[in-house]
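Novice: sequence unknown, structure follows:
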């Protein structure tokens with residue numbers, strides 16, 4: 001076990017995205033930045049993911065401004081990190097290398113030290129260009145292996161497939177599968193490897209086993225990332241620590257638990273007992289947590305649980321004896337690989353701190369919480385929620401037919417939407433796959449990359465009209481239009497490379513955002529000109545009123561004033 005553990009704080013990106021729909025404003029972020037500067041976290045995830053899209057869409061804020069502002073305050077006290085989907089960057093569409101390079105170059109130059117790169121299919125070819133670009137521009141390439149579970153088929157579906165002579169493969173995502181992916185990424189130039197469990201589906205024993213396997217076979221640092229949705233998060237994080245992981249991802253307490261990552265404060269308490277140094281300044285942590293607690297109150301409209309953890313000061317507050325003993329027990333169970341006892345104990349600890357209870361629906365369905373809730377919402381909108389059980393039954397079949405993609409954005413949503421489409425087709429008496437999303441067609445066709453399991457050529461032909469895998473071809477990429485607004489002084493919609501990148505990566509959202517800002521800038525300029533005229537007018541009026549009658553006549557005769565308010569006097573003077 002390491003005697004030192006690095007902490008990556010996710011609060012300002014993954015934390016607020018998981019719990020509060022990415023609605024932290026720049027002003028709210030600014031309130032905690034000076035406190036974070038003295039905290040000593042190894043890294044802070046602050047950008048990427050849903051941040052660029054959401055802050056333009058909902059807050060009318062510029063993503064590049066947010067990043068540069070954070071870098072300006074944090075400096076080099078913590079490494080700033082961002083999340084990128086490799087060739088897809090932030091969206092559902094693959095991009096050519098010049099867009100990928102432009103994004104990474106600007107992100108690194110604006111303050112990102114570590115780019116966490118993942119691909120929804122774990123297709124290493126899809127992250128190759130990003131690794132190269134990040135490293136060439138002086139960044140650290142953190143390559144993620146996306147954790148997912150093997151499809152779980154009902155007995156009925158297993159029998160049906162066997163009778164058709166097509167036995168279902170339920171052993172795809174083995175330990176060796178993940179190790180081979182990690183080794184390949186290391187060979188491609190990864191500076192570190194993350195075990196990225198975005199759905200919180202990795203149980204403690206598997207977490208410990210993978211960390212041991214990676215540490216034994218890799219020569220670069222290993223980071224562990226998970227969420228608490230189904231109740232595994234804290235236990236699996238502890239298991240990763242006792243098995244020697246180098247870095248663990250956490251959130252500050254008020255932004256932790258539930259669908260987010262485990263609480264830093266609880267991880268720190270475990271580290272205290274394990275005599276592990278995190279290097280984090282706890283006095284700064286107490287101040288950050290106090291401010292974040294107030295910010296969470298301000299985000300109440302976006303807080304799905306509204307269940308605050310207890311107010312806990314990690315420096316001064318003492319745990320009750322029975323809870324303190326639970327920490328000792330949890331460590332003992334983790335070291336002894338007693339998974340059930342470990343889970344029971346860590347969930348008791350989380351209950352004491354008032355974190356949300358495990359989501360059993362997500363746990364039983366073995367899928368990300370967002371995927372489950374999106375499917376349910378889609379069915380409710382159609383007043384077909386009664387079909388949810390059948391949809392859950394179909395997901396493994398749809399997923400396997402599509403090459404068994406990992407359940408991670410965007411593939412989790414693609415599979416979920418298609419499962420709903422299939423169950424609706426079925427309810428109408430139509431053949432399944434009568435209704436297909438364009439994303440599902442592209443997934444099966446091969447546009448997103450190589451799937452973990454091969455796709456039946458006949459199924460591919462049925463869905464996409466081709467039998468052979470057809471990868472994305474950059475020659476079909478069409479650059480977004482960048483119109484000139486003559487009515488606003490001949491300015492372009494995007495007048496610099498960073499804005500052009502926003503337009504490429506978020507076409508509709510960025511176009512609206514940029515246009516709104518051009519209009520506002522134009523209005524501000526008009527207001528500025530009008531204000532300058534008003535001030536000049538008042539100054540002239542004041543100067544004129546202070547003159548003697550004789551001086552006024554002389555000035556008027558010299559033509560120094562032409563305002564309406566002196567026109568009468570000028571006329572009178574002319575008549576005289």
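Specialist: The structure has been received and is ready for your questions. Keep in mind the model is a prediction, meaning the values are calculated, not measured.
Novice: mind checking which helix or strand of the chain has the lowest mean pLDDT?
Specialist: helix 567-575 (a mean of 52; mean pLDDT, DSSP states H and E).
Novice: quick one: contacts for residue 26?
Specialist: Residues in contact with residue 26, defined by C-beta atoms under 8 Å, 6 or more residues apart in numbering, are 55, 59, 61, 65-66, 69. To be clear about C-beta, it is placed using only N, CA and C from the backbone, and glycine gets the same treatment.
Novice: Between the residues you listed, identify the one with the most neighbours.
Specialist: Most neighbours among the contacts of residue 26, by other C-beta atoms under 10 Å: residue 66, with 24 neighbours.
Novice: chain center to the host helix or strand of that one: distance?
Specialist: When secondary structure is defined using DSSP states H and E, the element that contains residue 66 is helix 63-74. The gap between where helix 63-74 is centred and where its chain is centred comes out at 17 Å by C-alpha atoms, centre = their mean, to the nearest Å.
Novice: Stretch 272-291 now?
Specialist: Centroid separation for stretch 272-291 versus its chain: 24 Å, with C-alpha atoms, centre = their mean.
Novice: Start and end of it, how far apart?
Specialist: With C-alpha to C-alpha, to the nearest Å as the measure, stretch 272-291 spans 24 Å from end to end.
Novice: pLDDT on that stretch, on average?
Specialist: In this model, stretch 272-291 carries a mean pLDDT of 98.
Novice: can you check stretch 212-228 too?
Specialist: Stretch 212-228 comes out at a mean pLDDT of 98.
Novice: Which positions in that stretch come out as buried?
Specialist: Within stretch 212-228, the residues that qualify as buried by neighbour count (16 or more other C-beta atoms under 10 Å) are 212-215, 218, 220-228.
Novice: Strands - which of those land there?
Specialist: Members of these lying in strands (criterion: DSSP state E): 222-225.
Novice: Can you give me the distance of residue 282 to residue 316?
Specialist: Separation of residue 282 from residue 316 (C-beta to C-beta, to the nearest Å): 10 Å.
Novice: ok, now residue 137?
Specialist: Residue 137 sits 44 Å away from residue 316 when distances are taken as C-beta to C-beta.
Novice: So between the two, which is more surrounded?
Specialist: Set residue 137 next to residue 316 and count neighbours by other C-beta under 10 Å: residue 137 wins out with 16 against 7.
Novice: who's in contact with that one?
Specialist: By C-beta under 8 Å, 6+ apart, the contact set of residue 137 is 104-105, 108-109.
Novice: what does stretch 454-463 contact?
Specialist: Applying C-beta under 8 Å, 6+ apart, the external contacts of stretch 454-463 come out as 401-403, 433, 436, 440-441, 444-446, 466-469.
Novice: nearest to residue 366, of these?
Specialist: residue 402 (16.6 Å; C-beta to C-beta).
Novice: where does the closest one fall, phi/psi-wise?
Specialist: Dihedral angles phi and psi of residue 402 (degrees, to the nearest 10) take the values phi -90, psi 20.
Novice: What count of nearby residues applies to it?
Specialist: 22.
Novice: Against residue 542, how distant is it?
Specialist: Counting by C-beta to C-beta, the separation of residue 402 from residue 542 is 76 Å.
Novice: same deal with residue 251?
Specialist: Noted for residue 251: a distance of 58 Å to residue 542, by C-beta to C-beta.
Novice: Of these two, which one has the most company?
Specialist: The residue with more neighbours, out of residue 251 and residue 542 and counting by other C-beta under 10 Å, is residue 251; that gives 29 against 9.
Novice: returning to what we had before: may I see the contacts of stretch 454-463 organised as TSV, with secondary structure added?
Specialist: Output for the contacts of stretch 454-463, formatted as TSV (DSSP: H, G, I helix; E, B strand; the rest coil):
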residue	secondary structure
401	helix
402	coil
403	coil
433	coil
436	coil
440	helix
441	helix
444	helix
445	helix
446	coil
466	coil
467	coil
468	coil
469	coil
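Novice: For these, which single residue is the most surrounded?
Specialist: Note: the member of those with the most neighbours is residue 444, at 28 neighbours, neighbours being other C-beta under 10 Å.
Novice: The nearest residue to that one once chain neighbours are set aside - how many residues pack around it?
Specialist: Nearest residue to residue 444 in three dimensions, chain neighbours excluded: residue 463, at 4.5 Å (C-beta to C-beta, 6 or more residues apart in numbering). Here the neighbour count serves as a burial measure; for residue 463 (other C-beta under 10 Å) it reads 20.
Novice: How is residue 463 assigned, secondary-structure-wise?
Specialist: For residue 463, the assignment made with three-state DSSP gives helix.
Novice: The protein: strands as residue ranges?
Specialist: In the chain, the strands defined using DSSP E lie at 6-9, 43-48, 79-84, 114-117, 140-146, 192-196, 222-225, 247-250, 484-485, 491-492.
Novice: Between these, which one is closest to residue 537.
Specialist: Residue 537 lies closest to strand 491-492 among these, at 29.0 Å (C-beta to C-beta).
Novice: Pull up the pairing partners for the closest one, direction included.
Specialist: Each strand that strand 491-492 pairs with, and the sense of that pairing, follows from DSSP bridges: strand 484-485 (antiparallel).
Novice: can you list the residues that contact the strand it pairs with?
Specialist: The set of residues external to strand 484-485 that reach it, using C-beta under 8 Å, 6+ apart, is 490-493, 515, 518.
Novice: Show the average pLDDT along that strand.
Specialist: For strand 484-485, the mean pLDDT works out to 90.
Novice: Same question for stretch 26-42.
Specialist: Mean per-residue pLDDT for stretch 26-42: 98.
Novice: now stretch 445-457
Specialist: Mean pLDDT, computed over stretch 445-457, is 94.
Novice: Please identify the buried residues of it?
Specialist: Residues 445-452, 455 are the ones in stretch 445-457 that count as buried (16+ other C-beta under 10 Å).
Novice: Likewise for stretch 373-380?
Specialist: When neighbours are counted by 16+ other C-beta under 10 Å, the buried residues of stretch 373-380 are found to be 373-376, 378-379.
Novice: Would you mind giving those as CSV with distance to residue 93 and pLDDT added?
Specialist: Formatted as CSV, these follow (distance: C-beta to C-beta, whole Å; pLDDT from 0 to 100):
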residue, distance to residue 93, pLDDT
373, 24, 82
374, 19, 83
375, 23, 87
376, 26, 86
378, 22, 87
379, 27, 90
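Novice: Looking at those residues, which is nearest residue 501?
Specialist: The shortest gap between residue 501 and any of the buried residues of stretch 373-380 belongs to residue 374, at 27.7 Å (C-beta to C-beta).
Novice: any idea how far that closest one is from residue 404?
Specialist: From residue 374 over to residue 404 the distance is 20 Å, taken as C-beta to C-beta.
Novice: Same check on residue 359?
Specialist: Applying C-beta to C-beta to residue 359 and residue 404 gives a distance of 24 Å.
Novice: The two: which is more packed in?
Specialist: Counting neighbours by other C-beta under 10 Å for residue 359 and for residue 404 shows that residue 404 has the greater number, 24 against 19.
Novice: so what's the more buried one closest to, chain neighbours aside?
Specialist: Counting by C-beta to C-beta, 6+ apart, the nearest residue to residue 404 once its immediate chain neighbours are dropped is residue 453, at 4.2 Å.
Novice: What backbone torsions are found at that neighbour?
Specialist: Residue torsions, per degrees, to the nearest 10, at residue 453 are phi -110, psi 150.
Novice: my guess is it meets residue 399, correct?
Specialist: No: counting by C-beta atoms under 8 Å, residue 399 is not a contact partner of residue 453; they are 9.3 Å apart.
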